[in-house]
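Peer 1: Generate a structure from the sequence data that follows.
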Amino acid sequence: MRVCGYCATSWNRLLVICLRLLFIVPAGLHVRSQGDSQSDNKVMDNVTVRQGETVFLSCSQGDVVTHTAWLNRSSILYAGVDKWSVDPRVSLVTFNRDEFTIKIENVDVSDEGLYVCAVQTSSRPRTTFVHIIVQVPPKIIDFSKDMVVNEGTNVTLMCLANGKPEPAINWRVHSLSGGSVGSDDEYLDIPSISRHKAGEYECMAANDIAADTRTLRLVVNYPPSVLGGRDIGVTLGQRGVLQCEADAVPAATFEWYRDDRRIFNGFDGIEINDSGTFSKLTLFNVSETDYGNYTCVAINKLGSANTSIVLYEVIEPTSSTLLQVETTSFLEMTSSALEQTATECSQLWEEPGAVQDGNSGTSGTYTSLCLLLILTLQLLLKF
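Peer 2: Numbers count the residues shown, from 1 in each chain. Coordinates of the predicted model:
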């Protein structure tokens, strides 16, 4: 049994060698001789196929074929109708006088390379060369994870991808500034990162077949900055609201101070509400002691910032105050009219012959009117 098994193995190896010598050597020799005029070698064709698809390899046979086979770079796939390949993806499609076609399903990168159809006829050998090119869609195989960094840190993002043809890399950032970050490298370097470069970073690997995309979130921590507080005027006994806004990552916590004393929620009827980037301090019944300087402090793990707000008193006008203002205004107007009238009368008297003749009609009339008007205004000013 051992001898027969050994003989069978040796016979198979010998047959493979013979087929290779029969089909490949005549087609591969480029020596000019009388035998070359009887050969018929077809120029190599390139067949491009995408990974996962099916490829068909076909060659013509012709008259009086004695031997025929499909071979790849390392083994025989089919010798006539006999399958030599153990790969289940390889199968015979057509075998007749005109055509010898096989197919390879679910093509992978390992299937790429040279394939030969060798036909031996009674008159001459003939070979057909086919080179399979397998295209592979891009796939990102290594990508940076989400990051949280402090402002001013040097950051490097990584995006490694493979595919055939080799994919091109493109980075984009989705943030307030937006747009492309101008890099087509697998590694994106961001020196001394600022808060404005935080956001979602997208890496796209693309070739002629398809594209693969991955995103990561980059968070940049920075200390608080407080927007300038606005001074508030409030009438005694009314409600006063002080507001403070801070920009910070991570979000800031707030503290309120009256002079050097910290104010807590519920202290002396004061209410403090924090919501996101805002803090609001409410005094429901402002008293004399509530007026003064308040300080809002925003704090996170990277630092703090503060702003001052002055709560000052606003006096509302009363009815007596309004009457006093109106009376004063009226007196000022009357006094001004009196002065103007006196001036005009004085000018009249100074005219030549103004009061020399008491019987003159026009001058006398004007003089009487001036005296009457002055007396009237004086009486009004007494009230």
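
Peer 1: Helices of this structure, start to end?
Peer 2: Along the chain, counting by DSSP state H, helices occupy 2-28, 319-350, 361-382.

Peer 1: looking at the ones you listed, which one has the lowest mean pLDDT?
Peer 2: When these are compared on average pLDDT, helix 2-28 comes out lowest at a mean of 42.

Peer 1: pretty sure S225 contacts E245?
Peer 2: No - S225 sits out of contact with E245 when judged by C-beta atoms under 8 Å, with a separation of 9.8 Å. Using the backbone N, CA and C atoms, a C-beta is placed for each residue, glycine as well.

Peer 1: which neighbours do those two share?
Peer 2: Residues touching both S225 and E245 by C-beta atoms under 8 Å, 6 or more residues apart in numbering: none at all.

Peer 1: So for those two, which sits in the more crowded spot?
Peer 2: Neighbours of S225 and E245, each counted by other C-beta atoms under 10 Å, are more numerous for E245; the result is 19 against 15.

Peer 1: For the more buried one, which non-adjacent residue is spatially closest?
Peer 2: Distance criterion C-beta to C-beta, 6 or more residues apart in numbering; nearest residue to E245, sequence neighbours excluded, is L227 at 4.6 Å.

Peer 1: Pull the number of nearby residues for the one you found.
Peer 2: Using other C-beta under 10 Å, L227 has 16 other residues around it.

Peer 1: Could you verify my assumption that it touches I309?
Peer 2: No - if you go by C-beta under 8 Å, L227 and I309 don't touch, sitting 11.3 Å apart.

Peer 1: overlap in contacts of the two?
Peer 2: Between them, L227 and I309 have C244 as joint contacts when contacts are counted by C-beta under 8 Å, 6+ apart.

Peer 1: Pairing partners for L281 in the sheet, please.
Peer 2: Judged by DSSP bridges, the bridge partners of L281 are L242, I272.

Peer 1: how close does it get to D290?
Peer 2: As defined by C-beta to C-beta, to the nearest Å, L281 lies at a distance of 11 Å from D290.

Peer 1: out of those two, which sits in the busier spot?
Peer 2: More neighbours surround L281 than the other of L281 and D290, with 22 against 18 (other C-beta under 10 Å).

Peer 1: For the longest strand seen in the chain, list every residue counted as buried.
Peer 2: The strand spanning the most residues in the chain, taking DSSP state E as the definition, is strand 125-143. Residues of strand 125-143 classed as buried under the neighbour-count rule (16 or more other C-beta atoms under 10 Å) are 125-130, 132, 134-138, 140, 143.

Peer 1: In contact with the residue lying closest to T213 once chain neighbours are set aside: list those residues for me.
Peer 2: For T213, ignoring the flanking residues on the chain, the nearest one in space by C-beta to C-beta, 6+ apart is M204 at 4.9 Å. Taking C-beta under 8 Å, 6+ apart, we find M204 in contact with I169, N170, W171, R172, A211, D212, T213.

Peer 1: can you redo the residues you listed as JSON lines with distance to F254 and pLDDT?
Peer 2: Below are the contacts of M204 laid out as JSON lines (distance: C-beta to C-beta, whole Å; pLDDT from 0 to 100):
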{"residue": "I169", "distance to F254": "44", "pLDDT": "96"}
{"residue": "N170", "distance to F254": "42", "pLDDT": "94"}
{"residue": "W171", "distance to F254": "37", "pLDDT": "94"}
{"residue": "R172", "distance to F254": "36", "pLDDT": "91"}
{"residue": "A211", "distance to F254": "46", "pLDDT": "96"}
{"residue": "D212", "distance to F254": "45", "pLDDT": "97"}
{"residue": "T213", "distance to F254": "40", "pLDDT": "97"}
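
Peer 1: just the residues you listed now: which is nearest A252?
Peer 2: Nearest to A252 among the contacts of M204 is R172, at 30.3 Å by C-beta to C-beta.

Peer 1: re earlier: out of the contacts of M204, which end up buried?
Peer 2: A residue is treated as buried here by neighbour count (16+ other C-beta under 10 Å); on that basis the buried members of the contacts of M204 are I169, N170, W171, R172, A211, D212.

Peer 1: Against L227, how distant is the first one?
Peer 2: Note on I169: its distance to L227, by C-beta to C-beta, is 40 Å.

Peer 1: repeat for the fifth one
Peer 2: According to C-beta to C-beta, A211 stands 43 Å off from L227.

Peer 1: for the second one, same thing?
Peer 2: Applying C-beta to C-beta, the value for N170 to L227 is 38 Å.

Peer 1: follow-up on the earlier one: out of the buried ones among the contacts of M204, which are inside strands?
Peer 2: Using DSSP E, the subset of those located in strands is I169, N170, W171, R172, A211, D212.

Peer 1: Might one say that the first one is in contact with A161?
Peer 2: Just to be clear, that refers to I169. Yes - under the contact definition of C-beta under 8 Å, I169 touches A161, with a separation of 6.7 Å.

Peer 1: Overlap of the contact sets of those two?
Peer 2: Taking C-beta under 8 Å, 6+ apart as the contact criterion, the residues that touch both I169 and A161 are E186, A205.

Peer 1: Give me the nearest residue to N150, chain neighbours excluded.
Peer 2: With C-beta to C-beta, 6+ apart, the residue lying closest to N150 is N221, at 4.9 Å.

Peer 1: Next up, the contacts around the one you found.
Peer 2: The neighbourhood of N221, defined by C-beta under 8 Å, 6+ apart, consists of V148, V149, N150, E151, V249, P250, N300, K301, L302.
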